[in-house]
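>>> quick one, what's the 3D model for this:
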Amino acid sequence: MFYSRELGKRVVWVGSKTLPATRCAHRGASAIEFALVFPVFFTIFYGIISYGLILAAQQSLTLAAEEGARAALKYQPAASQNAALTARAAAACLSAQSIIGWLPKSYLAGGCVSVVAPCDYDGTLQCIKVTLNYNYAQNPLVPPLPLLGVILPSNLVGVATVQLNPATILSG
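Here you go, the predicted structure:
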């Protein structure tokens, strides 16, 4: 730095330019501010992306379970009522797994499970419960950050139940 008679203040030579000394004193401030603010913004951006994908996967599992339960309502030709219920449960899982094609099937813990059981509220009616379980802790859609893995869900589950009329199980 030196004093310039033409400008009447202290200046610094930078290359071929002459800059006021006050501007030179603040040259590294923006780099420091960026270094302090960037991790906060990156964490917020990462959270938006992670939870957006988790929400999309959860909605997809729920939709697939609902479509599987809807498929269980369709008539399946069979000789006995138990065979018809088993065929409907298999059709429910086949339909549910076709909906979640964007999630790798190897990541689905246990795949699709459809259970035929009497309905909870009325023992005379049959219900088919379709469950899809995605193990998010072992197979995250976005690589986890070191401290944020604690607040991410370990499992994503889609469940739907459909009630079957006993009179139409064999006849459709």
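
>>> so which elements touch the longest helix seen in the chain?
The longest helix of the chain (DSSP state H) is helix 29-71. Where contact means 3 or more C-beta pairs under 8 Å, 6 or more residues apart in numbering; DSSP states H and E, helix 29-71 is packed against helix 81-99, strand 126-135, strand 155-164. All C-beta spots, glycine's among them, are computed from the backbone N, C-alpha and C.

>>> contacts only, for the most centrally placed residue in the chain.
Nearest residue to the geometric centre of the chain (C-alpha atoms, centre = their mean): Ile54, 1.6 Å. Contact analysis of Ile54 by C-beta atoms under 8 Å, 6 or more residues apart in numbering lists 136, 141, 152-153, 156.

>>> would you confirm that Gln126 contacts Ala167?
No: Gln126 is beyond contact range of Ala167, at 11.0 Å (criterion: C-beta atoms under 8 Å).

>>> about what we covered before: buried subset of the contacts of Ile54?
Buried subset of these (neighbour count, 16 or more other C-beta atoms under 10 Å): 136, 141, 152, 156.

>>> thought Leu53 was touching the second one, still the case?
Right, Leu141. Yes: in this structure Leu141 lies within contact range of Leu53 using C-beta under 8 Å: 4.4 Å.

>>> state the distance from Gly68 to Val130.
4 Å (C-beta to C-beta, to the nearest Å).

>>> and Gln138, by the same measure?
From Gln138 to Val130 the distance is 22 Å (C-beta to C-beta).

>>> more neighbours: those two, which one.
Val130 (27 against 10; other C-beta atoms under 10 Å).

>>> re earlier: name the residues contacting each of Gly68 and Val130.
92-93, 96, 112, 114, 160.

>>> and those residues as TSV, adding neighbour count and distance to Ile44?
Formatted as TSV, the shared contacts of Gly68 and Val130 follow (neighbours: other C-beta atoms under 10 Å; distance: C-beta to C-beta, whole Å):
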residue	neighbour count	distance to Ile44
Ala92	29	40
Cys93	22	39
Ala96	29	34
Cys112	23	36
Ser114	27	40
Ala160	23	34
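
>>> out of those, the closest to Gln58 would be?
Ala160 (13.3 Å; C-beta to C-beta).

>>> test my guess that the closest one contacts Leu63.
No: using C-beta under 8 Å, Ala160 is not in contact with Leu63, being 9.1 Å away.
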